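1. pasting the structure only:
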């Protein structure tokens, strides 16, 4: 059986992390290694995590160098064949998500799999705010600032050994840089699972107002240049009108 490592990084997430852990525990797939990396929370997060200490494979709580440093800690500790991440305020859409991901790896023999995501109200997970689809993704779209939804991205662990971990000198776009490095520069094979698999609560560092968006886009331009993808700041801005369409909640029918 393929072993799956799921990494959750958190800092002061006491209000939401219980939902995340329960979402992982509810999965119908048997061989899951859940690794939680806490950055030294002071709001009771660790106490919530310890409620599940007998069912979480690895728990680390210590200060770190930020979210991407914490993700790297989790990857180094992972022993699964495939590694995914689930944020401390996210949940899976149903209890068959990991089974579906594993099935996609098996039938496609791809090195990575991604899917769709919906952004939901922080206080009502049934209230969709925005749909982040992946059906139109192509590697050529990195130059426009597009990438598959990072929380839906699963990859074989040996790709990290070969292509490296998250770059910790990025503040908000190391996920974009890593996907560009893996899918464009490293040319690892990928497969889309035509299913919405993650509910992400709205908010976050990369979406914190105008200056947060500006910094994110500047880091995306840098990531493209570092991975030899032609772009510029104005090309990246062209994605904004298309991103606004995600708030219409219109989803095209999907065929399997």
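-> Nice, I can see it. Since we're looking at a predicted model, the values are computed, not measured. Residues are numbered from 1 along each chain as shown.

2. so residue 8 lies in a strand, does it not?
-> Yes - if the criterion is DSSP: H, G, I helix; E, B strand; the rest coil, then residue 8 is within a strand.

3. tell me which element the residue nearest to it when sequence neighbours are not counted falls in.
-> Counting by CB to CB, 6 or more residues apart in numbering, residue 36 is the residue found nearest to residue 8 once chain neighbours are left out, at 4.9 Å. Where C-beta positions appear, they are placed from N, C-alpha and C, glycine not excepted. Using DSSP states H and E, residue 36 sits in strand 32-38.

4. mean confidence score for that strand?
-> On average, the pLDDT along strand 32-38 is 98.

5. could you give the angle of the helix or strand harbouring residue 24 to strand 32-38?
-> According to DSSP H and E, residue 24 maps onto helix 17-25. Angle, helix 17-25 to strand 32-38, by axes from the mean of the first three to the mean of the last three CA atoms, to 10 degrees: 160 degrees.

6. residue 10 reaches residue 17, doesn't it?
-> Yes - assessed by CB atoms under 8 Å, residue 10 is found in contact with residue 17 at 5.5 Å.

7. if we can go back for a sec, could you point out which element follows the strand holding residue 36?
-> For strand 32-38, the succeeding helix or strand toward the C-terminus, using DSSP H and E, is helix 45-50.

8. in its sheet, what does whichever strand or helix holds residue 192 sit against?
-> Using DSSP H and E, residue 192 sits in strand 190-201. Applying DSSP bridges to the sheet, strand 190-201 is found paired with strand 90-92 (antiparallel), strand 112-120 (parallel).

9. strand partners (parallel or antiparallel) of the host helix or strand of residue 130?
-> Assigned by DSSP H and E, residue 130 belongs to strand 128-132. According to DSSP bridges, strand 128-132 has the following sheet partners: strand 112-120 (antiparallel).

10. still on that earlier bit, okay, now the sheet partners of the strand holding residue 36, with direction.
-> Strand 32-38 is paired, per DSSP bridges, with strand 4-10 (parallel), strand 58-61 (parallel).

11. tell me how far the longest one lies from the chain's centre.
-> Per CA atoms, centre = their mean, to the nearest Å, the displacement of strand 4-10 from the mean C-alpha position of its chain is 10 Å.

12. hang on, the earlier thing: touching both of residue 10 and residue 17, which residues are there?
-> Between them, residue 10 and residue 17 share these contacting residues under CB atoms under 8 Å, 6 or more residues apart in numbering: 36, 45, 49, 88.

13. need the contact list for the third one.
-> For residue 49, the contact set (CB under 8 Å, 6+ apart) comprises 10, 17, 21, 36, 38, 56, 59, 61.

14. again, only using 6 Å
-> When contacts are counted by CB atoms under 6 Å, 6 or more residues apart in numbering, residue 49 is found next to 36, 59.

15. over to the first one?
-> The contact partners of residue 36, by CB under 6 Å, 6+ apart, come to 8, 49, 56, 59.

16. now the first one: how far from residue 109?
-> Going back to what we said before, that points to residue 8. Residue 8 sits 28 Å away from residue 109, going by CB to CB, to the nearest Å.

17. comparing these two, which residue is more hemmed in?
-> Neighbours were counted for residue 8 and for residue 109 using other CB atoms under 10 Å; residue 8 has more, 25 against 8.

18. for stretch 20-28, buried residues please.
-> Using 16 or more other CB atoms under 10 Å as the test for burial, stretch 20-28 gives 20-21, 23-24, 27.

19. right, I'll call it a day here.
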